[in-house]
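**Q** Okay, sequence plus prediction incoming.
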Amino acid sequence: MAQAEIGLIGLGVMGSNLALNIAEKGYAIAVYNRTTSKTGAFFENAGELRERIVPCTRLEGLVKAIRPPRPIILMVSAGQAVDEEITKLRPFLSEGDIVIDAGNANFHDTMRRFGDLEGSGLSFIGMGVSGGEEGARHGPSIMPGGDKKAYGRVKGILNAIAAKFDGEPCCAWLGAGGAGHFVKTIHNGIEYGDMQMIAEIYGIFRDGLKMKPKDIAKIFAKWNEGRLNSYLIEITASVLDTTDPKTGKPMVDLILDRAGQKGTGRWSAIEAQQMGVPATAIEAAVAARSLSAMKDEREAAEKLYKRKVSLPEQKPLPAGDLELALFAGKIAAYAQGFAVMEAASREFKWKLPMPTIAKIWRAGCIIRSQFLDTIAEAYKAGPVTNLLVAPSFVKMMAEAHPSLRRTVAWAAEAGLPVPALSSALAYFDAYRQGRGTANLIQGQRDFFGAHGFERIDMKGEQHGPWGGHG
Ligand code: NAP
């Protein structure tokens, strides 16, 4: 076999599938895994693709097997493992070689790694990959950022393995430094928001309407044919429709209500806070996962408060509203996620291509949906400060927000938690309120701390006549 076009380190769930995807698209690939037995097993199971796979048990061998300048994808656990592998790899690399971290890195780590490699002659690419196991194998959404010249060396391979939407690859260079990993982080933050809001609507069906999982599944399946059409709605219907083969009960009823998280949602909320961008629906979704982990405390509190769901009297569950309520919540969450990316783009001078980001999320990734095409169109139509004020979104939100309002109000009266949906509604109401209530906050701040305020009827910093209390 001629030299490999690319190398890959880390044959876990994502790495092994990505390697098969690359080989399937006709590129020879050299692979290495820390636990070498996995490399052998991977090769043995690769079938016909073996002819384009070079299994390597040493990093030196991996590097030698690749055509220079050598692109090497790291698909190992995020954090320390990435630094360890780069350190071990460096002695074997030459001028122009390209290290590509394709894991879920914190973009601050990516920026630090750029700094570490500066002046070394090596290039670095921080690349978000979304789509899970299936996406990695058959077409993920790929979000590379970093060295643009080095991207030219791998662009063809990445476009070939990426998911396609209307024939367009869901892969694009997004900017310098940590741009790719930042965009992946926000993708995951939006994913948290989407999933939480879907779970809240499920809660209304389950605890408000007392519906069975299979019946709820039918509704989600129907919604998947309309404006909510998306991968997450599709798999929600499938999860709800699945029966446990051991007990014959609905699978979802047997799953412990304690959700895991690996950090990207939390990073989205932290970065939003750092930049002063409200991302309340995403923050609420992250907090909801943390609350879900407090199972024992929740159970104790339920007993203390003798909790029961009390359906609001004389007010039917707005079942017809739920689809639109979810849609309105989704609009607010996406508006927030895109606003965070706009702010980061300015702060880090990335010039993030917002319409392109919407486009490369249309297929392959976990939040893929028809809706992302609508977002891409809105950006194409003109500059967007916030999706909530993009003309096409104003129309959609005007139609949808009354349903969100009725749903949140009904859930609040019933005692059903809808933290992400209610945060989305509060964000929308605050965002479209021209005269807010921060005038009082400014008065309070001046009163206790002489912080000063602006008046609406004169220029310059002012202080209040607080009678010597200021
Ligand atoms: P995984 O199945 O747990 O595999 C982890 C890989 O990292 C294994 O190859 C492991 O090697 C290697 N590794 C761990 N620590 C190492 C170290 N200190 N030095 C060298 N190698 C080390 O993980 P995964 O799901 O494929 O995830 C890989 C990356 O992709 C992560 O950053 C993850 O967040 C990201 N990601 C995952 C998904 C998903 O759906 N799973 C989606 C998008 C992105 P050994 O075999 O020797 O342990």
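**A** Now that the structure is in, tell me what you want to look at.
**Q** helices or strands next to the strand or helix carrying residue 379 in the packing?
**A** Residue 379 is located in helix 370-381, with elements delineated by DSSP states H and E. Under the contact criterion of 3 or more Cβ pairs under 8 Å, 6 or more residues apart in numbering; DSSP states H and E, helix 370-381 touches helix 322-348, helix 354-360, helix 391-414. Heads up, the C-betas are built off the backbone N, CA and C, glycines and all.
**Q** Give the buried residues for the shortest one.
**A** Translated: helix 354-360. Within helix 354-360, the residues scored as buried using 16 or more other Cβ atoms under 10 Å are 354, 356, 357, 358, 359, 360.
**Q** try stretch 107-123
**A** 107, 109, 110, 111, 113, 114, 117, 122, 123.
**Q** I'd like the list of the residues you listed that fall within helices, please.
**A** 107, 109, 110, 111, 113, 114, 117 (DSSP state H).
**Q** Now flag whichever of the residues you listed is closest to the ligand.
**A** Comparing those against the ligand with Cβ to the nearest ligand atom places residue 109 closest, at 10.9 Å.
**Q** can you tell me how far that closest one sits from residue 80?
**A** 10 Å (Cβ to Cβ, to the nearest Å).
**Q** Run through the residues that contact residue 217.
**A** 236, 237, 238, 239, 240, 241 (Cβ atoms under 8 Å, 6 or more residues apart in numbering).
**Q** got the phi/psi numbers for the second one?
**A** In other words, residue 237. Dihedral angles of residue 237 (phi, psi; degrees, to the nearest 10) stand at phi -60, psi -40.
**Q** And the pLDDT at it?
**A** pLDDT for residue 237: 98.
**Q** The residue lying closest to residue 193 once chain neighbours are set aside: how many residues sit nearby?
**A** Using Cβ to Cβ, 6 or more residues apart in numbering and skipping the chain neighbours, the partner closest in space to residue 193 is residue 333 (3.6 Å). Residues lying near residue 333 (other Cβ atoms under 10 Å) number 30.
**Q** For the stretch 251-400 of the chain, give me the ranges with low pLDDT.
**A** For the stretch 251-400 of the chain, applying pLDDT under 70 flags the ranges 314.
**Q** And the residue of it closest to the ligand?
**A** Counting by Cβ to the nearest ligand atom, the stretch 251-400 of the chain gets nearest the ligand through residue 262, at 6.1 Å.
**Q** Please apply the same query to the stretch 101-250 of the chain.
**A** For the stretch 101-250 of the chain, Cβ to the nearest ligand atom, closest residue to the ligand: residue 103, 2.6 Å.
**Q** Look up phi and psi at that residue.
**A** phi -80, psi -180.
**Q** and what of residue 276?
**A** Residue torsions, per degrees, to the nearest 10, at residue 276 are phi 70, psi 30.
**Q** What degree of burial does the residue lying closest to it once chain neighbours are set aside show, as a neighbour count?
**A** In space, and not counting its chain neighbours, residue 276 is closest to residue 343: 7.6 Å by Cβ to Cβ, 6+ apart. Residue 343 is flanked by 17 other residues according to other Cβ under 10 Å.
**Q** contacting residues around residue 343?
**A** Contacts of residue 343 by Cβ under 8 Å, 6+ apart are 275, 276, 277.
**Q** can I see the domain layout of the protein?
**A** Following automatic domain parsing, the chain resolves into domains at 6-177, 184-431.
**Q** Between the two ends of the shortest one, how far is it?
**A** Across its full length, domain 6-177 reaches 21 Å end to end, with Cα to Cα, to the nearest Å as the criterion.
**Q** what's the average pLDDT for that domain?
**A** Predicted confidence along domain 6-177 averages 97 (mean pLDDT).
**Q** Now find how far off-centre that domain is within its chain.
**A** Computed by Cα atoms, centre = their mean, to the nearest Å, the chain-centroid distance of domain 6-177 equals 21 Å.
**Q** Kindly report the same for stretch 245-261.
**A** On Cα atoms, centre = their mean, the centre of stretch 245-261 falls 24 Å from that of its chain.
**Q** Please identify the buried residues of it?
**A** 250, 251, 252, 259.
**Q** now stretch 412-429
**A** Result for stretch 412-429 [16+ other Cβ under 10 Å]: buried residues 414, 416, 418-428.
**Q** now swap in stretch 439-457 and tell me
**A** By neighbour count with 16+ other Cβ under 10 Å, stretch 439-457 contains the buried residues 442, 446, 453.
**Q** The second one touches residue 452, doesn't it?
**A** This points to residue 446. Yes - when contacts are counted by Cβ atoms under 8 Å, residue 446 is listed as touching residue 452 (5.9 Å).
**Q** can you pull the buried residues of the helix holding residue 379?
**A** Those buried within helix 370-381 under the rule 16+ other Cβ under 10 Å are 371, 372, 373, 374, 375, 376, 378, 379.
**Q** Can you say which of the helices and strands packed on helix 370-381 is packed in most?
**A** helix 322-348 (a mean of 24; mean count of other Cβ atoms under 10 Å).
**Q** Over to whatever residue of the stretch 1-150 of the chain ends up closest to the ligand: give its phi and psi.
**A** Using Cβ to the nearest ligand atom, the single residue of the stretch 1-150 of the chain nearest to the ligand is residue 12, 1.9 Å away. Main-chain torsions, residue 12, degrees, to the nearest 10: phi -80, psi -160.
**Q** Provide a list of residues in contact with residue 247.
**A** Here residue 247 is in contact with residue 254 (criterion: Cβ under 8 Å, 6+ apart).
**Q** Backbone torsions only: list them for it.
**A** phi -110, psi -20.
**Q** Over to residue 171?
**A** Torsion angles, degrees, to the nearest 10, at residue 171: phi -150, psi 130.
**Q** Over to residue 147?
**A** Torsion angles, degrees, to the nearest 10, at residue 147: phi -70, psi 110.
**Q** Between residue 446 and residue 452, which contacts overlap?
**A** residue 463.
**Q** Show me which residues of the protein sit near the ligand.
**A** Listed as neighbours of the ligand in the chain under the rule Cβ under 6 Å from any ligand atom: 10-15, 33-35, 38, 75-78, 81, 84-85, 103-104, 129-130, 132.
**Q** just the buried residues of stretch 439-457 now: which is nearest the ligand?
**A** residue 442 (43.2 Å).
**Q** Wait, a helix at that closest one?
**A** Yes - applying DSSP: H, G, I helix; E, B strand; the rest coil, one finds residue 442 inside a helix.
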